[in-house]
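Undergrad: Could you work out the structure for the sequence below:
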Amino acid sequence: MAGQTPTLVLVHEPERACFERLLAEGFDRRAATEITSYLAQSTDLAPEFDAIGEACARRGIRFRAVELDEAAGVLAACDRSGTLVWTLTDGIAYFRGGAAPALARLNGLATVGADDSVFALCQDKFRSGAVLGALGLPVPTAGLARGGHWLVEPPASPAGYFVKPNRLGAKVGIWEDSRIAKAGEALALGRRVQDAYRDDVVVQPYVAGRNVRASFLAVDPAAGPEVLGIAFVDSGGDFQTMADSMALYGETGAAARGEGRYAEPELVPVASAQPRAAETIRRIAATLMAGLGLRDVFSLDLRVEADDTVHLIEFEVSPGLPCFDFRAYCRSQWGMSLAESMAETAARRVG
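TA: This next block holds a predicted model:
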């Protein structure tokens, strides 16, 4: 309707709703708690909804946070000409947020982020790895196991292997023993993941190097890979486990803060130490934007070796906005808080 105030709709799936659904599906409480930790960004961002609303109001935009279970009705009633939908939490299996961009498309609404087909792709590590490989990107070739059986055996790897659930995020199902020496050892881990989470495991050749997170937010719609924030994430270990991740976010992260156990990994700009690797990562991002349709907001997880060899591990189209690394990126790249960055991104698209 002409004259309506432009609106930013943020669709998110709360931890509690997912937890109760998983219990109803027969998961035990421990596994349900671990799985739903992926949705901690909803918990962590909720206290800032007022700040986001105020930042939007200063730019002439209305802000509305909508829980996923209400999204179908809300989006069906939105004004097509002045609504922008931002999906905070994704998912196609344990989580259902990938439905939000599809609902937006169904109702003819503009969105922040990649289209809904990419939301589905990124949640399946084995399938997305195959697509990334087809694009010529440096992603480790993976095997796939279901319980104690191979669906696809991994290639030979003298350096050993790394095993992780296929459709879970936030390091869920990654333990201290997830790095193994021989491919056959993956089957025992596969049985453990299947018993706990009902998921397959991806088995990738182990790649050396430091962990890197590349963050992207196109506050300016014309921005490209040059605004990518690329940082080493040094947590003190070779890789981050589920326990490490859960201590940073959501209710467990809040408890860790209260008990004085909270410690953020150190962020170090890659360009300051390995500028050639940083440029390689920008080229990888450019390929993903052109070939896969990543846009507006996304993140990449990579490993960088001392000789500047870069390995792309996976990508996210709904990165953890309230996470420490993305907040740091907004401050360093855009000179704004997370709330201001989100509001400005929306204003430049619907204002």
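Undergrad: Residue 303 in helix, strand or coil?
TA: strand (DSSP: H, G, I helix; E, B strand; the rest coil).
Undergrad: Contact partners for the residue lying closest to it once chain neighbours are set aside?
TA: Leaving aside its sequence neighbours, residue 303 sits nearest to residue 209 (CB to CB, 6 or more residues apart in numbering; 3.9 Å). Quick note: C-beta positions are derived from backbone N, CA and C, even for glycine. Neighbouring residues of residue 209 by CB atoms under 8 Å, 6 or more residues apart in numbering: 303, 304, 305, 306, 309, 311.
Undergrad: Around the last one, how many other residues sit close by?
TA: Read it as residue 311. When counting by other CB atoms under 10 Å, one arrives at 19 neighbours for residue 311.
Undergrad: Bridging across strands, which residues link to it?
TA: Following DSSP bridges, residue 311 is listed with bridge partners residue 303.
Undergrad: Going forward, the N-terminal residue is numbered 884.
TA: Understood, numbering begins at 884; the last thing we discussed is residue 1194.
Undergrad: Pull up the gap between it and residue 1125, please.
TA: Per CB to CB, to the nearest Å, residue 1194 is found 21 Å from residue 1125.
Undergrad: and the residue lying closest to residue 1048 once chain neighbours are set aside, backbone torsions?
TA: Using CB to CB, 6+ apart and skipping residues adjacent in sequence, the residue nearest residue 1048 is residue 1056, 3.9 Å away. With angles defined as degrees, to the nearest 10, residue 1056 sits at phi 80, psi 10.
Undergrad: pLDDT value on residue 1056, please?
TA: Listed pLDDT for residue 1056 reads 90.
Undergrad: quick one: contacts for it?
TA: So residue 1056 contacts 917, 1047, 1048, 1076, 1079, 1080, 1082, 1084, 1125 (CB under 8 Å, 6+ apart).
Undergrad: how about the fourth one, secondary structure?
TA: Going back to what we said before, that points to residue 1076. Secondary structure, three-state DSSP: residue 1076 is helix.
Undergrad: Give me the pLDDT for it.
TA: Confidence for residue 1076, expressed as pLDDT, is 96.
Undergrad: same deal with residue 1127?
TA: pLDDT, residue 1127: 72.
Undergrad: and what of the one 3 residues further on?
TA: In the predicted model, residue 1130 carries a pLDDT score of 69.
Undergrad: again, but for residue 905
TA: Here, the pLDDT recorded for residue 905 equals 97.
Undergrad: From the structure, what's the count of residues near it?
TA: Neighbours of residue 905 (other CB under 10 Å): 19.
Undergrad: Tell me which stretches of the stretch 1034-1183 of the chain form helices.
TA: 1069-1080, 1125-1129, 1133-1141, 1153-1156, 1158-1174 (DSSP state H, counting those that start in this stretch).
Undergrad: helices or strands next to the first one in the packing?
TA: Translated: helix 1069-1080. Helices and strands touching helix 1069-1080, by 3 or more CB pairs under 8 Å, 6 or more residues apart in numbering; DSSP states H and E, are helix 912-919, strand 1026-1029, strand 1032-1035, strand 1044-1048, strand 1084-1088.
Undergrad: thinking again about what came up before, now rank the contacts of residue 1056 by neighbours and give me the top one.
TA: In terms of neighbours by other CB under 10 Å, the contacts of residue 1056 top out with residue 1084 at 30 neighbours.
Undergrad: what kind of secondary structure is residue 935 in?
TA: Under the three-state scheme (three-state DSSP), residue 935 adopts helix.
Undergrad: Report the contact partners of the closest residue to it other than its chain neighbours.
TA: Nearest non-adjacent residue to residue 935, counting by CB to CB, 6+ apart: residue 1222, 4.6 Å away. Counting by CB under 8 Å, 6+ apart, residue 1222 makes contact with 931, 934, 935, 937, 938.
Undergrad: From residue 949, how far out is residue 1222?
TA: 17 Å.
Undergrad: Next, the buried residues of stretch 1166-1183.
TA: Within stretch 1166-1183, the residues scored as buried using 16 or more other CB atoms under 10 Å are 1167-1168, 1170-1172, 1175, 1177-1183.
Undergrad: Stretch 1216-1224 too?
TA: Buried positions in stretch 1216-1224, judged by neighbour count with 16+ other CB under 10 Å: 1216, 1217, 1219, 1220, 1221, 1222, 1223, 1224.
Undergrad: Next: stretch 951-966.
TA: Within stretch 951-966, the residues that qualify as buried are 951, 954, 957, 958, 961, 965, 966, counting by 16+ other CB under 10 Å.
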